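Trainee: Structure, please.
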Amino acid sequence: MHPYVLFTFMLSLGLGTILVFISSHWLMAWVGLEISTLAILPLMAQHHHPRAVEATTKYFLVQAAAAALILFAGTMNAWLTGQWDINFQLNIFPACILIMALALKMGIAPVHFWLPEVLQGLDLTTGLVLSTWQKLAPFILLCQIMPLNSSLVTVMGVTSTLVGGWGGLNQVQLRKIMAYSSIGHLGWMLLIMQFNQQLALITLAIYILTTFSVFMVFKVNSALTINMLAMSWAKAPVLTVITPLVLLSLGGLPPLLGFLPKWMILQELVKQDLPFIASITALSSLLSLYFYLRISYALTLTTPPSNINSTISWSLPPFGMALPLAVFVTITVMLLPLGPGILTFFV
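Mentor: Residues are numbered from 1 along each chain as shown. Model prediction:
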């Protein structure tokens, strides 16, 4: 893709998301979501491969259905209440439709089935954009309409954490594992969003940091499956040593950065007299920890001839994201002592 064309699509992608951020009208928010969706479609299909075209088609159909539901719910709410303002109190029925439509856009369970298949058909860079940037606009809209129908939101949050844990157990494709990881983390954010939106934003920011680090590690190793990570020690030995810490941070183990939001979320759920929900989400994080440990094992403990399908690369392509990768990995691994300062900044 020509650099000018790529810049135009990336600019449109940012414009659509920013338009959602500044919108106070449901119609303008819908326009921003559509601009963002249409801008990423050429990026998804730029590699002329049947899997990429299939993923782009699935993504377009799902996002079109979600956008139609959002427009329908906004119109129905305007008909019932006479208001298009996002911050105005929503009618209960349009609110339920909006929650389900935004969940469909982000890939929250039980409307998550498209996300692993779509992410599997994309390259790692576009998959990173889909897993991080494309979550921002629907997430902000969900924050603006909370708290509404807490029972529905709680059920979707718990279901997402369970699906994110169980779904990734039997996967060997790294992109599908990251898709289920995204579903699980979105479940944590959805659970806490109705009680503490600042904490939900902190969780989203830390998820983006850790996910960026993990995707860049996969890109350095040109790895798409767990078996392809077996030769990472020959390509980037220092990064191979540090990567398990990044993965464990994504899993939420102390003393790493990913432990901070999960600890605060569990504490807030207990304060809201929801110990059973907190126990289920904590146990579901143990499920996701298993496939993070599988990736760590393939990275650090697998050597030839244990894996005969892997070959050592004699020539490594240049990697232009070394500095951002180093910064994000350092933040992911070592920023937990600054947790109280981060919480103070958001609160």
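
Trainee: Can I take it that residue 253 is in a strand?
Mentor: No - counting by DSSP: H, G, I helix; E, B strand; the rest coil, residue 253 is not part of a strand but coil.

Trainee: neighbours around it, how many?
Mentor: Neighbour count of residue 253, defined by other Cβ atoms under 10 Å: 16. C-betas here are computed from N, CA, C, even on glycine.

Trainee: Which residue is the nearest non-sequential neighbour of it?
Mentor: What sits nearest to residue 253 in space, not counting adjacent residues and going by Cβ to Cβ, 6 or more residues apart in numbering, is residue 259, at 6.0 Å.

Trainee: how many other residues sit next to that neighbour?
Mentor: Number of residues near residue 259 (other Cβ under 10 Å) recorded here: 18.

Trainee: just for the stretch 101-250 of the chain, where's the confidence low?
Mentor: Counting by pLDDT under 70, the stretch 101-250 of the chain contains low-confidence residues at 147-149.

Trainee: pLDDT at the residue nearest to residue 253, what is it?
Mentor: In this model, residue 259 is scored at 89, pLDDT.

Trainee: and it, what does it touch?
Mentor: Residue 259 makes contact with 249, 252-253, 336 under the criterion Cβ atoms under 8 Å, 6 or more residues apart in numbering.

Trainee: top of those residues by neighbour count?
Mentor: Counting neighbours by other Cβ under 10 Å, residue 249 leads the contacts of residue 259 with 29 neighbours.

Trainee: Give me the buried stretch members for the helix or strand containing it, please.
Mentor: For residue 249, the element it lies in under DSSP states H and E is helix 237-251. For helix 237-251, burial by neighbour count (16 or more other Cβ atoms under 10 Å) applies to 239-240, 242-251.

Trainee: chain center to the strand or helix carrying residue 154: distance?
Mentor: In this assignment (DSSP H and E), residue 154 forms part of helix 150-167. Remark: helix 150-167 is offset 15 Å from the chain centroid, using Cα atoms, centre = their mean, to the nearest Å.

Trainee: same thing with stretch 261-280?
Mentor: Mean C-alpha position of stretch 261-280 versus that of the full chain (Cα atoms, centre = their mean) differs by 21 Å.

Trainee: Which residues belonging to it are considered buried?
Mentor: With the criterion 16+ other Cβ under 10 Å, stretch 261-280 contains buried residues 261-262, 264-266, 268-269, 272, 274, 277-278, 280.

Trainee: For the longest helix anywhere in the chain, name the packing helices and strands.
Mentor: For the chain, the longest helix by residue count, based on DSSP state H, is helix 50-81. With contacts taken as 3 or more Cβ pairs under 8 Å, 6 or more residues apart in numbering; DSSP states H and E, helix 50-81 sits against helix 26-44, helix 92-106, helix 114-120.

Trainee: right, and residue 161 touches residue 184 too?
Mentor: Yes - Residue 161 lies in contact with residue 184 (Cβ atoms under 8 Å); the separation is 5.4 Å.

Trainee: Need the overlap of contacts for those two.
Mentor: 284-285.

Trainee: excluding its backbone neighbours, what's nearest residue 31?
Mentor: Distance criterion Cβ to Cβ, 6+ apart; nearest residue to residue 31, sequence neighbours excluded, is residue 19 at 6.6 Å.

Trainee: List the residues that contact that neighbour.
Mentor: By Cβ under 8 Å, 6+ apart, the contact set of residue 19 is 28-29, 31-32, 35.

Trainee: Would you mind giving the helices and strands packed on helix 50-81 as JSON lines with mean neighbour count added?
Mentor: Compiled in JSON lines, the helices and strands packed on helix 50-81 are given as follows (neighbours: other Cβ atoms under 10 Å):
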{"stretch": "helix 26-44", "mean neighbour count": "20"}
{"stretch": "helix 92-106", "mean neighbour count": "20"}
{"stretch": "helix 114-120", "mean neighbour count": "22"}
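
Trainee: is it possible to export those helices to a markdown table including distance to residue 80?
Mentor: Shown next, in a markdown table, are the helices and strands packed on helix 50-81 (distance: least, Cβ to Cβ, whole Å):
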| stretch | distance to residue 80 |
| --- | --- |
| helix 26-44 | 13 |
| helix 92-106 | 7 |
| helix 114-120 | 30 |
